[in-house]
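>>> the sequence isn't on hand, but the structure is:
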């Protein structure tokens, strides 16, 4: 071995260490540096043998100290490892983990999105003397060791759409999907198909994908990660991170957004967010950690790739085993594989039978349903919990009886009656001629137009006197307190539309916050909608005892949460209730903007899931009204992110059971929720003047350097893009909702 | 023939324009500590989405509204005696001395070079919807006009009549009125550039680009 | 008497009449004007009678915030809306009285402005109090079956009445301004028209309610001037007027008081009975709803002599003077102008009652004398489909007569005065001329005299001599009064 090359390698290792540890000086690092420098100084005088001996010693020292440094890694160091250009990337994995592969999502920069690699790959396994090549669909983000065109693995909407297409192909071909998450986050542009919209589509489809999905996390940046990571087994590389937001982003929010956050704050946020593999394993969002070499895996760590290969094969085997009972011996072997030798020696067929495919999806739902359950506070007493469990069972029985059993017979009976009535009519019309005349039913010749006195009365007297002489103007049940202030306001469109100043009491009272000239909607309190649209006074609220908590023990968050609860009188940013809209029973979930910006955490997710379940049980439509949501609650870290797949799955189950799921956006709805359970609805409407998108203009500017026009996120843009289906005037919401319920549901609502 | 040189010299002699900032409506005025000689800037940003420098606040019926600079320039004279007083609508608050930019100089010279179509009478003018849509979609210069083309809607005393273009064929080079504002009779509405004159116009643009020095 | 300061939230001729009424009643006034109106007569008059500090330049007559800001700055305690602008804007009326520094609104309570401002509501209120209204629906119809049935009944009803060609009016209940309204002559086309209107309403007005009424042809348009005091306990009427002479766009041209004149004309029906009925119904309804200021009950009278209440105008009207000039109140010598004997100044009455004074007389104290005719002089070209004209007026004048009142914002030009530019943002009203005569015949003759003596010189913007519809009236004054 060439001495020069070996010393160069050592120098590179030292640089790498310095990159990882950033500014922090460190005794081990100093020692390595001085030793290396000493060696380099002395080297010219040394003989060949001595050189070789010294280098070997130095190499040993490096191994030793790298091991020591490994134990000193902070969460932020891990972030730096993951972002380092020497970090292994998907191409390395394709080359080293799989036996053969063909890229199908484009090649290098000639791709619809070079950040997303999609490949058909094979894994060879032995079956006695035969070798069997098993196909998998491999996809994931490619950071490409710093290649510019890969965009750092930040995927544009069309990249995710392409991935989704090939996931569907895998489903048709009945082969497993291996997805590798190497993304700092999705590229937040709204160009078609739209960042949020596409991620929600991905989640929705993956929730029901009938092939095993294995995902491996290296860099799991929030929504961008979820777009391909809704998996049956979620593995994580030991030096990876999986987080709701980049530590810098969290620090910027914490620090008040204006000036750049200090490195200390970023470090603190990184550890508070609990983003490491160990943290996520403990929280239950991943199934296993794959140990990397000290200070993270790099392309030269061939042992690591072998291990990774074993792990993904094992994970796939396990998934298949859990739904498609293997032979007892193989099953046992797989389960004991932790110790066993190479899993590829035991053959497991990866294509699933029909029954197993359905079971797989159920299992997947159960898996996600169970996540983050303890991350919110349940204030119900034990008795109440048992009661609600029992109630659920009773309702289930009741629905089956009423909707499945009785309706079938009722329908038959109705059809019979209808037919009989039609027959009778036909008879009467048919005999209208001779028989009718004889019976004196009608005389065609001498028709005198004589107005009956009571008909004349209808022309001249007050109709419906019980309604009173005055038709009441639309008076609102709930009137905003803002309408009590004697002041005027300027419509933001006044310079383009010439709107006059509006008087507060008019605007927030009678006009319901709508500019009477241009129709701009000023924002209104959520109570306005609760009472004027959702008839909250007569509603039955449930699960109000489920409250937001601080599952990560995020520093300083308890206080903020208490403050939010005190200010709003709510336990979380979500209110769920059952109500009647013009006589139609519906389950409604509301995301409330004043409670921590309407952010979604574990409690909110759980409440929405339960609401969807309730709607499913009671067979009512389910309306989700977003009064405003800023995204996933970052202080809950991955407990928040995981709500994206969780709730989407619950909603999908509800829709598949035949339910009508309708989403209504108001004010500003952004990020995670829009990119998952809100965006996946087939019926999304927006209140006028609302904004919908993945990331706000400021975030887009910061992350992509693109300036977006002022009206980029307006509901009308979302409508033209095909994200939402319509825009409603606030004053007409109730009417439109009712009409939507009737036209999309029909009279005997919502179950096929 | 157009004497560009002469016109440039003329403009160079007084290279600025004085913009009077007036109250849009009644209210109590409060100057925000502005002094004569201060530099102010107009709206900025790619879409002019950021307003110009705040000049004063006007409060009416408990609604405080900012009055911002519409152009960059220098504050000339402030009627500070109005501070804290109730003022009527259209009262002059201050004057901004704005140095002409290249585009503005080009605009001024072109106004003399183009065929101008004038308002026949004092009224409000609008483009007919088709032309309005074209201008909104492709800019002014995307519209070709010819004799007899129905171009405008004239709104006067709440009644509307159509008005058709007369003059040489060409494309609209500039629009000189705001839709919905009152235009006096004889004021130019649009400037039309006949095909044959395009090279001349280009020449003006080049000359100004080369010779006009912008000042702050 | 308490002294008030009235903000006059209006312009032109009505502002001038209000200024004069204020001066007469001993109240202060504040006047507003826009840049386009600097030379308007009301600005001159306000400066003349009140001084420059009574005048405020504002950005728009239509911005309530401007009015109230001026009211606060000038210390005004009451607001007079005149006609147009805020006169029937219940939100303005509500804001005026409900703001932190409330003002008196010279006009009916805002709830009445609101309820009677809606034609459908008015119809329902009228029916609830037994006042006859146009046969048809009194609430929006949403059901096609019901609509067809209703139309059928109306056709049958017309047939029974002997109307050869029945006609039904279908209109969008939320519409207005002549949009979404169609006539139907037979039941077969009704369905398609109904659907068309309903779809129009659904698309453009987001309310698919449709009204169905009998269409009445060749009717007379009569009005009853009602005067009621605050609290709505006492109300009288100041007679009727006929406003049937209207041009395109229902612009009134000539108004005559009283509404019918059975003493000199013959009618196919009991005209005196109709007048009696409509005044009785109007005053009764006013008392029933607690109407509390001046207002106008508008009626249509069919060729068969059936009166139907059409709407209620909860404001002073342009043509109030013609009722005033023919009314007399016992024991009152107050009058609008000294050269007119014993007329009633309705605007002064409105201010007086608006400020809370009691009525002070009953219907028995009100008597009527002679005939009044009001001519509207409009800046329109009668030879060109009454297109409004703009331009400048260099001379404007008339011969002063004891039987004549002229209200105008155009300054009567003497030598050296600036020519008056006709502002383009407002209605083309230039002046109102009201003549009075013992009989209809005398009033008509005096009317012709007035118009013949009218001097109007100027040029319009196209450098043509200014023609107003005076020319039109001169030839046809007599024939147009066809009641």
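Received the coordinates, thanks. Everything numeric in this text was worked out from a predicted model, so none of it was measured.
>>> so what does the spatially most central residue of chain B have for phi and psi?
In chain B, the C-alpha nearest the mean C-alpha coordinate belongs to residue B:176, at 7.0 Å (C-alpha atoms, centre = their mean). Summarising the backbone geometry of residue B:176 under the convention degrees, to the nearest 10, its torsions are phi -110, psi 10.
>>> surely it is in contact with residue B:187?
Yes: between residue B:176 and residue B:187 a contact is recorded at 7.2 Å, counting by C-beta atoms under 8 Å. From N, CA and C alone the C-beta is placed, and that goes for glycine too.
>>> what's the spacing between the closest residue to the residue nearest to the centre of chain B other than its chain neighbours and residue B:165?
Among residues not flanking residue B:176 along the chain, residue B:188 sits closest, at 4.8 Å (C-beta to C-beta, 6 or more residues apart in numbering or on different chains). In this structure, residue B:188 lies at 13 Å from residue B:165, with C-beta to C-beta, to the nearest Å as the measure.
>>> show me what the longest strand belonging to chain C is packed up against.
When chain C is scanned for its longest strand (criterion: DSSP state E), the result is strand C:235-247. In terms of contacts (3 or more C-beta pairs under 8 Å, 6 or more residues apart in numbering or on different chains; DSSP states H and E), strand C:235-247 is packed against strand C:220-228, strand C:251-257, helix C:271-289, helix C:320-326, strand C:366-368.
>>> okay, now the unreliable bits of the chain?
By default, I'm working from chain A. A:1, A:257-259, A:326-328, A:331, A:333-342, A:428-450, A:471-474, A:746-752 (pLDDT under 70).
>>> should've been chain C
Within chain C, the stretches falling below the threshold (pLDDT under 70) are C:1-2, C:176-178, C:247-250, C:333-342, C:382-385, C:412-417, C:459-483.
>>> so which residues of it form helices?
In chain C, the helices defined using DSSP state H lie at C:12-25, C:41-50, C:64-74, C:90-98, C:110-117, C:119-128, C:144-160, C:187-204, C:271-289, C:320-326, C:346-354, C:440-453, C:470-480.
>>> from the chain's centroid, how far away is the third one?
Which is helix C:64-74. Here the centre of mass of C-alpha atoms in helix C:64-74, compared against the chain's by C-alpha atoms, centre = their mean, to the nearest Å, lies 26 Å away.
>>> from residue B:134, how far off is the residue nearest to residue B:176?
Going from residue B:188 to residue B:134 by C-beta to C-beta gives 20 Å.
>>> can you check residue A:329 too?
Counting by C-beta to C-beta, the gap from residue A:329 to residue B:134 is 77 Å.
>>> and for chain B, the residue most distant from the center?
Counting by C-alpha atoms, centre = their mean, the extreme residue of chain B relative to its mean C-alpha position is residue B:62, 31.3 Å from that point.
>>> list the contacts of it.
By C-beta atoms under 8 Å, 6 or more residues apart in numbering or on different chains, the contact list for residue B:62 reads A:486, A:487, A:488.
>>> which of the residues you listed has the most neighbours?
If you count neighbours using other C-beta atoms under 10 Å in any protein chain shown, the busiest of the contacts of residue B:62 is residue A:488, which has 24 neighbours.
>>> quick one, what contacts it?
For residue A:488, the set of contacting residues under the criterion of C-beta under 8 Å, 6+ apart consists of A:501, A:502, A:503, A:504, B:60, B:61, B:62, B:63, C:65.
>>> give the buried subset of those residues as a PyMOL selection command.
Here the buried members of those are turned into a PyMOL selection, burial being counted by 16 or more other C-beta atoms under 10 Å in any protein chain shown:
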select buried, (chain A and resi 501+502+503+504) or (chain B and resi 60+61+63) or (chain C and resi 65)
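>>> show me what the helix or strand residue A:239 falls within is packed up against.
Assigned by DSSP states H and E, residue A:239 belongs to strand A:233-243. Contacts defined by 3+ C-beta pairs under 8 Å, 6+ apart place strand A:233-243 against helix A:75-83, strand A:213-221, helix A:277-283, strand A:288-290, helix A:302-323, helix A:638-641.
>>> now residue C:63: closest residue in space, sequence neighbours ignored.
Spatially, and ignoring its direct neighbours in sequence, residue C:63 is nearest to residue A:500 (4.9 Å; C-beta to C-beta, 6+ apart).
>>> surely that neighbour is in a strand?
No: going by DSSP: H, G, I helix; E, B strand; the rest coil, the assignment for residue A:500 is coil, not a strand.
>>> residues contacting it?
Applying C-beta under 8 Å, 6+ apart, we find residue A:500 in contact with A:494, A:517, C:60, C:62, C:63, C:64, C:65.
>>> test my guess that the last one contacts residue A:501.
Yes: the criterion here is C-beta under 8 Å, and residue C:65 meets it with residue A:501 at 4.6 Å.
>>> which residues do those two both contact?
Each of A:488, B:60, B:61, B:63 lies in contact with both residue C:65 and residue A:501 under the rule C-beta under 8 Å, 6+ apart.
>>> farthest pair in those residues?
Greatest spatial distance in these: A:488 and B:60, 7.1 Å, computed using C-beta to C-beta.
>>> need the overlap of contacts for these two.
Overlap between the neighbourhoods of residue A:488 and residue B:60 consists of A:501, C:65, taking contacts as C-beta under 8 Å, 6+ apart.
>>> not counting residues beside it along the chain, what's closest to residue 305?
No chain was given, so I picked chain A. Counting by C-beta to C-beta, 6+ apart, residue A:96 is the residue found nearest to residue A:305 once chain neighbours are left out, at 3.7 Å.
>>> that answer is for a different chain, and I need it for chain C
For residue C:305, the nearest residue in space outside its immediate sequence neighbours is residue C:269; the separation is 2.6 Å by C-beta to C-beta, 6+ apart.
>>> before we move on, what about residue A:478?
residue A:531 (3.5 Å).
>>> okay, residue B:188 and residue B:165: which has more neighbours?
When residue B:188 is set against residue B:165 and neighbours are counted by other C-beta under 10 Å, the residue ahead is residue B:165, at 20 against 17.
>>> ok, which residues in chain C are in contact with chain B?
Applying C-beta under 8 Å from any C-beta of the partner chain, we find that chain C lies next to chain B at C:34-35, C:56-60, C:63, C:65-66, C:68-70, C:73, C:379, C:387-388, C:390, C:424-428, C:461-462.
>>> could you grab the helix/strand/coil label for the closest residue to residue A:317 other than its chain neighbours?
Among residues not flanking residue A:317 along the chain, residue A:348 sits closest, at 4.5 Å (C-beta to C-beta, 6+ apart). The three-state label for residue A:348, taken from three-state DSSP, comes out as coil.
>>> state the phi and psi torsions of residue A:348.
Torsion angles at residue A:348 (phi, psi; degrees, to the nearest 10) stand at phi -130, psi 130.
>>> ok, now how distant is it from chain B?
Per C-beta to the nearest C-beta, to the nearest Å, residue A:348 is found 57 Å from chain B.
>>> again, but for residue A:655
Taking C-beta to the nearest C-beta as the measure, residue A:655 and chain B are separated by 39 Å.
>>> neighbours around that residue, how many?
Here the count is done by other C-beta under 10 Å, and residue A:655 has 19 residues near it.
>>> same question for residue C:235.
The local packing of residue C:235 (other C-beta under 10 Å) involves 25 other residues.
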